[in-house]
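>>> Sharing a model prediction with you, sequence too.
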Amino acid sequence: MRILVNGKDESVPDALSVAGLLERLGIAAEAAAVDLNGELVRRAERAARALKEGDRVEIVRMIAGGSGADSLVIAGRAFTSRLLLGTGRYPSFEHMRRCHQASGTEIVTLAVGRHDLAAPGAANILDFIDRARLTLLPNTAGAYSVREARRLADLGRDLLGTDWVKLEVLSDQETLWPDVVGTVAGCRELVRDGFTVLAYTTDDPVTARRLEDEGAAAVMPMGSMIGSGQGVLNPLNLRLIKARVRVPVVCDAGLGCASDAAQAMELGLDAVLCNTAVAQAQDPEAMARAMGLAVEAGRLSHRAGRIPRHDHAEASSRGAGLGGA
């Protein structure tokens, strides 16, 4: 029979008891509390409590308090929000500020660009970012070689005083496709120099594993091409990446609307990063709020556990109706 255990679909023997399930999973009885279909099963009752098809079992343990049981943790830092937002292409810096606030994001990315010498007193983007609340993640956008990515990373670290960097090494200007060879090499070099690297990459599980092996703090596979709005084109690849790496997996690039973000989170990914989908929306502030809610809903849906797919109908009200005449 099939049951849900901590949100995961499991096949177990018929009439297995709660105690038998714990034993089957290798969990000591004294180290767990068990909730069956929303009801506590006390330790003395576990051996006599048989499981049935479709049961939902939650097995919990004590954990360290402080950061919350479902925080996003990157390089030892915990975040409540699983939505990362960019800072480019907004109608104005004020629009950007309001979108960051509406979304609930706690991490924002910034690119490195030249000062406009013709307008030395122009508005500074940092004046519109709440640095007491938001973690700044400089990126190497615009780099087409490891050397250029390293240069931008060094400039970002000096400008913002942070070792965190979103590594981007791109292959060409038409597709903005990640150069995976350069990305792996760049990750190796930056990690060696003390950077905390979040690496933007393709949806290739092999490359994701190599980035983790090189010390990436998170891997950020693309949903689709940057700014394309095509959403998640290869959900299977993203699931494979999540199953094969231990660091957080952040879906980055190509999302177009809130349902795209929810889909990425329902795949089991740890977070979503988007920019254009919010900044270029007809109502950026509303889309920012929608993205924040979609990420929460997608995460909750993933943890709740979807029903199995069937090739046939299955009535929700069994035995309903008066029968044929």
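Looks like it arrived, so ask away.

>>> Alpha carbons only: can I get stretch 29-38 in PDB?
Taking Å, rounded to 0.1, in the frame of the first residue of the first chain, the C-alpha atoms of stretch 29-38 are listed here in PDB:
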ATOM      1  CA  ALA A  29      11.100   4.900  19.100                       C
ATOM      2  CA  GLU A  30      12.300   7.300  21.900                       C
ATOM      3  CA  ALA A  31      13.700   9.800  19.300                       C
ATOM      4  CA  ALA A  32      10.400  10.400  17.500                       C
ATOM      5  CA  ALA A  33       6.900  11.700  17.900                       C
ATOM      6  CA  VAL A  34       4.300  10.500  15.400                       C
ATOM      7  CA  ASP A  35       1.300  12.300  13.900                       C
ATOM      8  CA  LEU A  36      -1.100  10.200  11.900                       C
ATOM      9  CA  ASN A  37      -3.700  12.100   9.800                       C
ATOM     10  CA  GLY A  38      -3.400  15.000  12.200                       C
END
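
>>> Off-centre distance for it?
28 Å (CA atoms, centre = their mean, to the nearest Å).

>>> Just the buried positions in that stretch, please.
Buried residues in stretch 29-38, counting neighbours by 16 or more other CB atoms under 10 Å, are found at A32, V34, L36. The C-beta positions use only the backbone N, C-alpha and C, and glycine is treated the same way.

>>> Which member of those is positioned nearest V191?
Distance to V191 across the buried residues of stretch 29-38 (CB to CB) is lowest for A32, with 37.3 Å.

>>> Quick check, the closest one in contact with E58.
No - counting by CB atoms under 8 Å, A32 stays clear of E58, with 10.0 Å between them.

>>> Name the residues of the helix ranked longest in the chain that are buried.
The residue-count maximum for a helix in the chain (DSSP state H) belongs to helix 284-304. Buried residues in helix 284-304, counted by 16+ other CB under 10 Å: 284-285, 287-299, 302.

>>> Next, format the buried residues of stretch 29-38 as a markdown table and append secondary structure and pLDDT.
Formatted as a markdown table, those follow (DSSP: H, G, I helix; E, B strand; the rest coil; pLDDT from 0 to 100):
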| residue | secondary structure | pLDDT |
| --- | --- | --- |
| A32 | coil | 85 |
| V34 | strand | 90 |
| L36 | strand | 90 |
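
>>> Of those, which is the nearest to R131?
Looking across the buried residues of stretch 29-38 and measuring by CB to CB, the closest to R131 is A32, at 42.0 Å.

>>> Understood, closing this out.
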